[in-house]
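# Make a model of this:
(chains A and B)
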Amino acid sequence: AQTVTQSQPEMSVQEAETVTLSCTYDTSENNYYLFWYKQPPSRQMILVIRQEAYKQQNATENRFSVNFQKAAKSFSLKISDSQLGDTAMYFCAFMKYNQGGKLIFGQGTELSVKP
Amino acid sequence: GAVVSQHPSRVICKSGTSVKIECRSLDFQATTMFWYRQFPKQSLMLMATSNEGSKATYEQGVEKDKFLINHASLTLSTLTVTSAHPEDSSFYICSASRRDEQYFGPGTRLTVT
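Sure, this is the predicted structure:
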């Protein structure tokens, strides 16, 4: 069975600075996807970034980038130039390839961006 | 594109009554939808996988008779909480799958009094 672990329940960062959120996972699969989702106070889940396991290149989306270490089963999220609107819960998630979208979520990290 | 709606956004019901929550994919067809439950400051807990035209697959520990799921069409899945009790109060989120990506509804806050 797959598991996803986020070991940082809460983090804070000053506005404009950089923060890294950690995520590790356990799987015996070779093909899979990894995701970071953001859940702001509205509680709408928003996809931040997606990584296919077969791609060696780390995914980036504007200020968001990941450090994907397949052998170590690590998938951290770096947020650069943090903004107040980045304040939210962040969830790391795993999906097996071709499994119709079933996600396994980590426990979440509550990020506060301070002015 | 890829918008998922949920209705209602909030519902309050009395203990012992049933309540239905709808999940719709507005601009795409979803053969698979998922229902999650989330408690405050916690992660999403998958309750069941809903497949169009067939019975839902429930996760271990989820009562099938209490949480009835019907995936009547490629754009609509419903979750009915039967004989609701205060401990069923929670935030319920649905998602719809398209090409190995999930799109989430805005959630429904259920309060059972």
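
# What's the separation between the most centrally placed residue in chain B and chain A?
With distances taken as CA atoms, centre = their mean, the residue of chain B nearest its centroid is residue B:35 (3.9 Å). Per CB to the nearest CB, to the nearest Å, residue B:35 is found 12 Å from chain A. From N, CA and C alone the C-beta is placed, and that goes for glycine too.

# same check, this time on residue B:15
Taking CB to the nearest CB, one finds residue B:15 at 24 Å from chain A.

# any idea how far that residue is from residue B:90?
Residue B:15 is 14 Å from residue B:90, where distance means CB to CB, to the nearest Å.

# residues of stretch B:14-28 that come out buried?
B:19, B:21-25, B:28 (16 or more other CB atoms under 10 Å in any protein chain shown).

# which ones among these are found in helices?
When these are checked against helices (DSSP state H), there are no matches.

# Spell out which residues of chain A are next to chain B.
A:33, A:42-45, A:47, A:50, A:89, A:91, A:95, A:97-108, A:110 (CB under 8 Å from any CB of the partner chain).

# Could you tell me which of those count as buried?
A:33, A:43, A:45, A:47, A:50, A:89, A:91, A:95, A:101-108.

# min pLDDT across those residues, which one?
Least confident entry in those, by pLDDT: residue A:101, with 78.

# wait, residue B:51 sits on residue B:69?
No - the criterion here is CB atoms under 8 Å, and residue B:51 misses it with residue B:69 at 9.6 Å.

# With neighbour numbers in mind, choose between these two.
Counted by other CB atoms under 10 Å in any protein chain shown, residue B:51 and residue B:69 do not tie: residue B:69 has more neighbours, with 25 against 18.

# show me the contacts for the closest residue to the more buried one other than its chain neighbours.
Once flanking residues are discounted, residue B:69 sits nearest to residue B:56: 3.9 Å by CB to CB, 6 or more residues apart in numbering or on different chains. Contacts here follow CB atoms under 8 Å, 6 or more residues apart in numbering or on different chains; on that basis residue B:56 touches B:48-50, B:64, B:69-71.

# Report the separation between residue B:56 and residue B:80.
Distance from residue B:56 to residue B:80, by CB to CB: 11 Å.

# Kindly report the same for residue A:3.
31 Å.

# Kindly report the same for residue A:47.
With CB to CB as the criterion, residue A:47 and residue B:80 are 28 Å apart.

# I appreciate the help and will end here.
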